[in-house]
Each structure stands twice: as structure tokens, then as C-alpha cells.
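1. predicted structure and sequence below. I'll ask about it afterward.
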Amino acid sequence: MEMAGAFKFSRIPEIHFGTGSSEKAVSLAVRFGERMLLVTGKSSFSNSKRGKRLLYDLDAAGIKYDIISVSGEPVTTFIDKSASVFREQPPDVIVAAGGGSVVDAGKALSAIIPVPGKTSDYLEGNPVRTAHPGTRLPFIALPTTAGTGSEVTKNAVLSAPGAPAHKSSLRHDNFAPDIAVVDPVLAAGCPPDITAASGLDALTQLLEAFTSTTASGMTDALAFSGLERGFGSIRKAVEDGGDLSARSDMAYAAMLSGIALANAGLGAVHGFASVLGGYYKIPHGVICGTLLGAVTRANISKLKGSDGSSICLKKYSAAGRLICKKENKSDDYYIMSLCDELEKLIMELDIPRLGRYGITRDDAGKLAMETGIKNNPVNLDKDELKAILVSRL
């Protein structure tokens, strides 16, 4: 047995996972004080049974709260405007109850309210970026979808205005939430199309972290466990939103995908997502879901052409064994089954192609030129990246 390799692992929140865990949210929040800023989506959570129960419990506990609603993906100007309202009298704790965008917004507000300047001053990619001191307000994440894993990560993905708009991260080791409350029940009302796209985002993050050039034994174990649950339950979660066993598996997979990506990084699918999300109004999960099969097949093809014994091919084989569920087959069988089964899954879940959002063959070359492939297991050149996009038009 080989000696375990060296690695660094980022701090994760205190995690409360399981059906009914959201009922603890108020008692957890009062640890930090009696004034709360509640960040939610536009309407879905606030109007849900669980959302109304949370507000009732807050009133019963005597907690004073303000509510901010996030519509779509959080924009830096929205964070700036919202933060300015609370700088003179900050809340004791911020609770974000919603999908990945809502959690990112809450995370960003917890980091921006205590510091001067604009959100863009601290964003990655800013050539004159100001180093954030890491001070933030206490923050609790309450995810209502199973996808991004933002409830356990140390960065908030934000959109910045421009032509085109672009996405960047507000990141610091201290930005991981204090507490993540992951209750599968909160996703029970999530529509099938969002469940499908979010679930494929989680599977993408797990597979990209699993095969990342900076993966470790620790991230491998987490990613593999998430893939096992996710592959086994995504169809059930989409077909029957009330199936709490499937919802639990997907919530677990998404949570582990966040931990894995934060410590191993991501690959070409998310490189595409960063660029496409700036030019087109495409949901992040749709971008990941529609490209996962094509990128995986391209990675495998190039790995086979350069090094047939690659450790990444072994990992793709292990993932293929999970999704095809057949025994006593060769590594090559499982590797090709992974590609076939992913493409079958994407088709069955009716994930849209990129052409639906106005992307054309003529656009593909420019988009490929701007796509980064950091941590991808193999170097894909611009022609190969373009071919991937064209295959999904």
C-alpha cells in the first residue's frame, strides 16, 4: 500500500444533516443574538409551509428580523445596495434559506457588511483587488435545493455588471458558514426541472473533483461517496419530489460536492460555465448538466490516447461501475459505460441543449478561447473545447 500523500483541507461548517433538521434553525440562530437578517429567494421559500413555520418560530422566540429577497443569481450591485442598509446597525446573524444563489448572497452579505468599499473591490479577478481581512458576520446556510453545495464552501459566486457580465468569486478561508442546516424536506417542493439541473450540477462537481489534478485521498473518498448516492437517486428525486430517501441522497451528494470542490477544484465543465454564464442567461445547473457527458467523453478519449494506465482512467472506471451497476467487467467497459450512461441520463432528464439559449456554431470558437480548464485531468485545446460546445448545440 502506498503512503498517503500530503494535502490541505479547508474548514467546513458545523453540519446538521437530516430530515427535520431545519426545525433547529431558530435555536441555532439564537446562539449569535436576537437580531437576524433572513435572506430568501423571491417567493418560493417564504410562501412554503416550512418558510411560514420558520417565520412563526422566529416570532415566537422574540427574534427581530429583516428579510431580503434575491431574484436570480446575486449581482455585486445588489450586494452593495443591501449591505449599505445594515452597515450602521448590523444584524447579529445572517440566515440564508434558499438555493445556491440565495446562499451565495447571504455569504457575500456576511462578508461585505463589516468592511468598507464595494463588493467588486474584493472579487477575484480584479487587477487592483483589495485583500479581504476575513472578518464577517455569523452566517447560517439553509439550502432548499441539492446542487451547488454552497452551504459548505468558502466562496460566494457573484455576477458583476459589464459587457459581457462576468462571474467571479468572493473568497476567503473564513467565509465558510458557521452552520449548515441540510434538511432534505426543504427540497421536496422543488420542481422537476430544477431538481434535475441542480442534481447534475452536484454530480458534475463530484466527478470533476474526483478526477481533478489536485485531488487527494480525502477528497476522493468524499466524492466517491457522493457519486454513489447521487447516481443512485437523481432519477427518483426528479420523478417523485416527495421521495425523501432520494431527496436525502441528493442533499448528501450536493453537500459532499461542495466540500470536495473546495478542496480539489473543478475542471472544464465549470470552465465553460463561467464563460457561458456571463454571455447568456443560462441556469448554471443547465450548463453543467448539458456539458457533463460531452466533456467526460472528451477527457477520456484524450487520456486514452496519451496514457492508457492513467490514474484518472481508473477513477472514471470506478465511477462507471457505480452508474452502470454491473459486475465483473473490464475497466474499459466501465469507462465507456460512464460516458454512455451520463449521456442517457442527460437525455432522460430533458436537460436543454445550448442552442435553445441562442448559442450558435459561430459563437463556439470565441467561447472556447475564453474557457479555462484549471484542474481538468487532461489539457483540452481550443479546437477540442469548441467541438464539445458544437456537440451540445
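-> Arrived safely. Residues are numbered from 1 along each chain as shown.
2. low-confidence ranges in the stretch 251-393 of the chain?
-> Residue ranges of the stretch 251-393 of the chain with pLDDT under 70: 307-309.
3. please enumerate the helices of it.
-> 268-279, 284-306, 311-324, 331-348, 361-369, 382-391 (DSSP state H, counting those that start in this stretch).
4. ok, now the stretch 51-200 of the chain?
-> Ranges of helices within the stretch 51-200 of the chain are 76-86, 100-112, 192-210, based on DSSP H, counting those that start in this stretch.
5. what's the most buried one of those?
-> Counting by mean count of other Cβ atoms under 10 Å, helix 100-112 has the highest mean neighbour count of these, with a mean of 29. The C-beta positions use only the backbone N, C-alpha and C, and glycine is treated the same way.
6. now do that one, average pLDDT.
-> Averaged over helix 100-112, pLDDT sits at 96.
7. counting contacts, what elements does it pack onto?
-> strand 35-41, strand 64-70, helix 76-86, strand 93-98, strand 139-143, strand 155-160, strand 166-171 (3 or more Cβ pairs under 8 Å, 6 or more residues apart in numbering; DSSP states H and E).
8. out of those, nearest to Gly305?
-> Closest of the helices and strands packed on helix 100-112 to Gly305 is strand 166-171, at 32.3 Å (criterion: Cβ to Cβ).
9. which neighbours in the sheet does the closest one have, and how are they oriented?
-> Applying DSSP bridges, strand 166-171 is found paired with strand 155-160 (antiparallel).
10. low pLDDT regions in the stretch 101-250 of the chain?
-> Counting by pLDDT under 70, the stretch 101-250 of the chain shows low-confidence ranges at 162-165.
11. switch the helices and strands packed on helix 100-112 over to JSON lines; also include distance to Glu370.
-> Conversion of those to JSON lines gives the following (distance: least, Cβ to Cβ, whole Å):
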{"stretch": "strand 35-41", "distance to Glu370": "30"}
{"stretch": "strand 64-70", "distance to Glu370": "27"}
{"stretch": "helix 76-86", "distance to Glu370": "20"}
{"stretch": "strand 93-98", "distance to Glu370": "30"}
{"stretch": "strand 139-143", "distance to Glu370": "30"}
{"stretch": "strand 155-160", "distance to Glu370": "15"}
{"stretch": "strand 166-171", "distance to Glu370": "10"}
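12. any idea which of those gets closest to Ser248?
-> So among these, strand 139-143 is nearest, using Cβ to Cβ, at 12.9 Å.
13. and the closest one, which strands flank it?
-> Here strand 139-143 has these sheet partners by DSSP bridges: strand 93-98 (parallel), strand 179-182 (parallel).
14. what's the most buried one of the ones you listed?
-> Each of the strands paired with strand 139-143 was scored by mean neighbour count; the highest is strand 93-98, a mean of 28, by mean count of other Cβ under 10 Å.
15. now find how far off-centre that strand is within its chain.
-> 17 Å (Cα atoms, centre = their mean, to the nearest Å).
16. next: stretch 8-28.
-> With Cα atoms, centre = their mean, you get 17 Å for stretch 8-28.
17. next: stretch 41-60.
-> 24 Å.
18. so what would you say the end-to-end distance of that stretch is?
-> Start to finish, the residues bounding stretch 41-60 are 23 Å apart (Cα to Cα, to the nearest Å).
19. what sits up against stretch 62-69?
-> Contacts to stretch 62-69, defined as Cβ atoms under 8 Å, 6 or more residues apart in numbering, come from residues 26, 29-30, 34-43, 46, 58, 82, 86, 91, 105, 109.
20. of these, select the buried ones using a PyMOL command.
-> To isolate the buried members of those in PyMOL, using 16 or more other Cβ atoms under 10 Å:
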select buried, resi 26+29+30+36+37+38+39+40+41+46+58+82+86+91+105+109
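21. helix or strand: which one has His16?
-> Following DSSP states H and E, one finds His16 within strand 14-17.
22. what is the rounded mean pLDDT of that strand?
-> Here the average pLDDT along strand 14-17 is 97.
23. which parts of stretch 359-366 are buried?
-> Here stretch 359-366 shows 359, 363-364 as buried, counting by 16+ other Cβ under 10 Å.
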